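Engineer: here is a sequence together with a model predicted from it:
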Amino acid sequence: MNNKNISRIIWGIALVVVGTIFALNALGLTEISIFFDGWWTLFIIVPSFAGLFSKRGKFGSLIGLIIGVVLLLSAQGILDFASVWKLLIPIIIILIGLKMIFTSTFNKNNKWTSEKIKELKNNRAAPVKDTAAFSTHNLDYNGQIFEGVVLDAVFGSITCDLRNAIIEKDCVISASAVFASIDIKTPDHVQVKIDSNALFGGVSDKRKKRAYNKDDESDKTDRSDKTFTLYVEATCVFGGVNII
């Protein structure tokens, strides 16, 4: 069973339970009140719990689950609300720090990608920068030589189209999405490697993956001709970066 099905099952169970309670109350068999103290925290807890079984954003879902449970306990009078708010931000900061430490230390693939990105950034010229603040930007590198770019979106969106760009070497795309979205459209003839840090957001790889046909000579050429690599360095805070 894949993660997507598990998430769907969790949502299904939650809806069945709510529907059953409404039905039993309507028939006069029970008097279960759904609107208990802190009932609204379920809108944080259930999606966050389901998100733990998704392929991305698990860390953000974990923080959301912790926040939801703590708020529920506060609403129930088990925890002091004032003390919770004083400790909530420090706890989140600690969790983010632990995530960064353990991700960089134990994830060898991401560590290698991070080192490669650092090397490329040190050796490149000043990159092109684009910032979208409360706005929408579209960048099209059709027929242009692409050597890397820095994309910053804050309460806005950026679309960077590289499908017809001229890519002659490995390049770095630094993308930061804060309450925003960034779409990066990549050509088929390059590889893409991702190094990301996310809080309530993440990077989605939406590139189409077609089945490999061993009898198709053009397929063999396409698979072996990916000489260059696009390295995507992404930071997402309540936002997302989509690789298309």
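Structural biologist: Received, thanks. Numbers count the residues shown, from 1 in each chain.

Engineer: in space, what's closest to Leu151 - neighbours in sequence excluded?
Structural biologist: Spatially, and ignoring its direct neighbours in sequence, Leu151 is nearest to Ala175 (4.6 Å; Cβ to Cβ, 6 or more residues apart in numbering). Where C-beta positions appear, they are placed from N, C-alpha and C, glycine not excepted.

Engineer: report the buried residues of stretch 181-188.
Structural biologist: Residues of stretch 181-188 classed as buried: 181-187 (neighbour count, 16 or more other Cβ atoms under 10 Å).

Engineer: now these as a markdown table including distance to Leu62 and secondary structure?
Structural biologist: As requested, the buried residues of stretch 181-188 are arranged in a markdown table below (distance: Cβ to Cβ, whole Å; DSSP: H, G, I helix; E, B strand; the rest coil):
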| residue | distance to Leu62 | secondary structure |
| --- | --- | --- |
| Ser181 | 22 | strand |
| Ile182 | 24 | strand |
| Asp183 | 26 | strand |
| Ile184 | 26 | strand |
| Lys185 | 31 | strand |
| Thr186 | 30 | coil |
| Pro187 | 35 | coil |
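
Engineer: can you dump the C-alpha atoms of stretch 61-81 in CSV for me?
Structural biologist: Taking Å, rounded to 0.1, in the frame of the first residue of the first chain, the C-alpha atoms of stretch 61-81 are listed here in CSV:
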residue,chain,number,x,y,z
SER,A,61,3.2,17.8,8.9
LEU,A,62,5.0,16.7,12.1
ILE,A,63,5.1,20.3,13.4
GLY,A,64,1.5,20.8,12.4
LEU,A,65,0.5,17.7,14.3
ILE,A,66,2.4,18.8,17.4
ILE,A,67,0.8,22.3,17.3
GLY,A,68,-2.6,20.8,16.8
VAL,A,69,-2.3,18.4,19.7
VAL,A,70,-0.9,21.1,22.0
LEU,A,71,-3.7,23.5,21.2
LEU,A,72,-6.3,20.7,21.8
LEU,A,73,-4.8,19.9,25.2
SER,A,74,-4.8,23.7,26.0
ALA,A,75,-8.4,24.0,25.0
GLN,A,76,-9.3,21.0,27.2
GLY,A,77,-7.5,22.7,30.1
ILE,A,78,-4.8,20.1,30.4
LEU,A,79,-2.1,22.5,29.5
ASP,A,80,-1.8,26.2,30.4
PHE,A,81,-2.5,28.2,27.3
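
Engineer: can you name the residues in contact with stretch 63-71?
Structural biologist: 38, 41-42, 44-45, 47-49, 51-52, 79, 84, 88, 91-92, 95, 199-200 (Cβ atoms under 8 Å, 6 or more residues apart in numbering).
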